[in-house]
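Undergrad: fold the following, please.
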Amino acid sequence: GGEELRGSKSKMLRMLGSFTKGALGASFRKNGGQKDSRQKKMTEDDILERRFKAVEVPEETKNMIKSLLHRRQAWFSRRPVYIAFLTAMLALCLFSILYPARVVPDITNLGPITNQAGRRRYLVWACAHLSRELVLADGFARMDKATIHGALAWHLQALRESNRALRLGHALGVRHGADWHNQEHNDIMYEHGCIWREGERPEKDCSIQGLPKLRVNGLYSLILNFYDAVEAVMAIHGVDKTAAEAAYAAYLAVGDDHSPGPEFNMVELHASRLHILEDDENLRLIIHTVDGGTPEHKGDLQHGLRACLDAFQHETAEILENVHTEARVLYACYMVLVVVLFYGMLFRKTMQAAGQEAVKARGFVHKLPTYTLAKEETDVIRRFFQHTSDSTS
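TA: Sure thing, here's the model as predicted:
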């Protein structure tokens, strides 16, 4: 390597010597036989063209110079290094967009799930209220008995659809049901016991007051018992199914003019029917699981459904927090790549090296024997480096 470098340096010195001899010879020839031509005004293009024609560098010398310059070129000024840095920056930009986007389907799916979880709680309340009003039939619901029966049937069907969509998906805007991705929801719905009761262990008896034979194995079994109880109340205390559907359809068809419509005929308290609320086993289950029972176990069904809603809200908060954390980490990585690595280590070093080379070039030109050049040639060089010096300063 050392021998090759010394040989290359000697070749360059010989080239510079031939260049100086040629320039001196051209200058002497001009002084001796072409004095008139020195008086002619020469343009900068003519001067450059004349100088290039005067000294023709061999192709072998050009290749040797290129090879030496390439070997001595610093790593931070090489083209592949810049291409690698720019490629990494572009890849990180794309990764910062595509990687967090993987959770977009989960986020958009949690909206309908949370909505159906809240709607399911409302429908349970509505079914319990309408079941009680169907038995009492006192007009306080502002509907007659047939309309109440039709409304109860509609709300029960809506509750079934909402619960099925929430669990299994592919309905009511829910693409993926909670059974497939929310373990906390599954523990509440399907595990043995009643974990929605505060302080209760799963293996403890979770029977409901007044119904000692009922054993609850998760919230889902309680919901199924609730379905059966509402169906039994409609079968025992309701009216004909066709008449109930027609009455509720007519009730819904009442316009916005607040006309009376087929709502109710009178409001009258039937005290003789109040005992049915406790004597009827189905009504007792409905009331105790929604808004009854002991103070410690009041409304098991509502508490369980609220626990499911909290599970979905916790899942949403966790996903959003993870997305925010990932976004902050990716942004920090991008800033480190751009500011520290690209600007600090690559770009600034390149500019500093370019400034040092400019200083060396000016020093080299100042040492050239400019008296061997024509005045126009000297002015061209001086103006060029004067402009460069002003720009860098």
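Undergrad: ok, now how distant is the residue nearest to the spatial centre of the chain from residue 124?
TA: The chain has residue 100 as the residue nearest its centroid, 3.8 Å off, counting by C-alpha atoms, centre = their mean. Counting by C-beta to C-beta, to the nearest Å, the separation of residue 100 from residue 124 is 37 Å. All C-beta spots, glycine's among them, are computed from the backbone N, C-alpha and C.
Undergrad: and if you look at residue 312?
TA: Distance of residue 312 to residue 124, computed by C-beta to C-beta: 16 Å.
Undergrad: looking at those two, which one has more neighbours?
TA: In this comparison of residue 312 against residue 124, neighbours counted by other C-beta atoms under 10 Å, the higher total goes to residue 124 at 27 against 22.
Undergrad: any weak-confidence spans in the stretch 251-393 of the chain?
TA: Segments of the stretch 251-393 of the chain classed as low confidence (criterion: pLDDT under 70) are 254-272, 292-298, 368, 370-373, 384-393.
Undergrad: mind redoing it with 50?
TA: In the predicted model, the stretch 251-393 of the chain carries pLDDT under 50 at residues 263.
Undergrad: quick one, helices of it?
TA: 276-279, 281-291, 300-335, 348-366, 375-392 (DSSP state H, counting those that start in this stretch).
Undergrad: any chance of those in TSV with distance to residue 180 as columns?
TA: Formatted as TSV, the entries for these read as follows, by distance: least, C-beta to C-beta, whole Å:
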stretch	distance to residue 180
helix 276-279	39
helix 281-291	27
helix 300-335	12
helix 348-366	53
helix 375-392	65
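Undergrad: and those helices, which is most packed in?
TA: Of all the helices of the stretch 251-393 of the chain, helix 281-291 has the most neighbours on average by mean count of other C-beta atoms under 10 Å, namely a mean of 22.
Undergrad: and it, what does it pack onto?
TA: Under the contact definition 3 or more C-beta pairs under 8 Å, 6 or more residues apart in numbering; DSSP states H and E, helix 281-291 sits against helix 104-136, helix 219-237, helix 276-279, helix 300-335.
Undergrad: could you check the angle that helix makes with helix 104-136?
TA: 130 degrees (axes from the mean of the first three to the mean of the last three C-alpha atoms, to 10 degrees).
Undergrad: 458 is where my numbering starts, stick with that
TA: With 458 as the first residue, the last one maps to helix 738-748.
Undergrad: tell me what angle helix 738-748 forms with helix 757-792.
TA: Angle of helix 738-748 versus helix 757-792, following the same axes, to 10 degrees, is 40 degrees.
Undergrad: only the buried residues of stretch 588-599, if you could.
TA: For stretch 588-599, the buried set under the neighbour-count rule, 16 or more other C-beta atoms under 10 Å, comprises 588-596, 598.
Undergrad: average pLDDT across it?
TA: Regarding stretch 588-599, the rounded mean pLDDT is 81.
Undergrad: can you give me the end-to-end span of it?
TA: Length of stretch 588-599, first residue to last, C-alpha to C-alpha, to the nearest Å: 14 Å.
Undergrad: how about stretch 819-837?
TA: For stretch 819-837, the first and last residues are 14 Å from each other (C-alpha to C-alpha).
Undergrad: where's it relative to the chain centroid, distance-wise?
TA: Relative to the mean C-alpha coordinate of its chain, stretch 819-837 is positioned 62 Å out (C-alpha atoms, centre = their mean, to the nearest Å).
Undergrad: wait, which of the helices of the stretch 708-850 of the chain is closest to residue 517?
TA: Set against residue 517 and scored by C-beta to C-beta, these come closest in helix 805-823, at 23.2 Å.
Undergrad: closest one to residue 532 among the helices of the stretch 708-850 of the chain?
TA: helix 805-823 (9.1 Å).
Undergrad: helices and strands around the closest one, which ones?
TA: Counting contacts by 3+ C-beta pairs under 8 Å, 6+ apart, the secondary-structure elements packed against helix 805-823 are helix 832-849.
Undergrad: what number of residues lie near residue 681?
TA: One way to gauge burial is a neighbour count; for residue 681, by other C-beta under 10 Å, it gives 11.
Undergrad: picking that back up, surely the residue nearest to the centre of the chain meets residue 780?
TA: Yes - applying C-beta atoms under 8 Å, one finds residue 557 in contact with residue 780, separated by 5.3 Å.
Undergrad: distance of residue 581 from residue 813?
TA: With C-beta to C-beta as the criterion, residue 581 and residue 813 are 79 Å apart.
Undergrad: ditto for residue 774
TA: Residue 774 sits 56 Å away from residue 813, going by C-beta to C-beta.
Undergrad: the stretch 508-657 of the chain: helices as residue ranges?
TA: Assigned by DSSP H, counting those that start in this stretch, the stretch 508-657 of the chain shows helices spanning 516-529, 536-555, 561-593, 602-625, 640-647.
Undergrad: of all the ones you listed, which one is nearest residue 697?
TA: For residue 697, the closest of the helices of the stretch 508-657 of the chain is helix 602-625, at 8.0 Å, according to C-beta to C-beta.
Undergrad: and the closest one with helix 640-647, angle?
TA: What separates the directions of helix 602-625 and helix 640-647 is an angle of 130 degrees, with the same axes, to 10 degrees.
Undergrad: how far off centre is helix 602-625?
TA: Taking C-alpha atoms, centre = their mean, the mean C-alpha location of helix 602-625 is offset from the chain mean by 37 Å.
Undergrad: check stretch 736-746 too.
TA: A distance of 48 Å separates the centroid of the chain from that of stretch 736-746, by C-alpha atoms, centre = their mean.
Undergrad: next one: stretch 575-593
TA: Worked out by C-alpha atoms, centre = their mean, stretch 575-593 lies 40 Å from the chain centre.
Undergrad: how about stretch 559-578?
TA: Relative to the centre of its chain, stretch 559-578 is centred 17 Å away, using C-alpha atoms, centre = their mean.
Undergrad: give me the residues contacting that stretch.
TA: 616, 619-620, 622-623, 626, 629-635, 638, 759, 762-763, 765-766, 769-770, 772-773, 776-777, 779-780 (C-beta atoms under 8 Å, 6 or more residues apart in numbering).
Undergrad: same thing but at 7 Å, please
TA: Residues external to stretch 559-578 that are found in contact with it (C-beta atoms under 7 Å, 6 or more residues apart in numbering): 616, 619-620, 622-623, 629-633, 635, 759, 762-763, 765-766, 769-770, 772-773, 776, 780.
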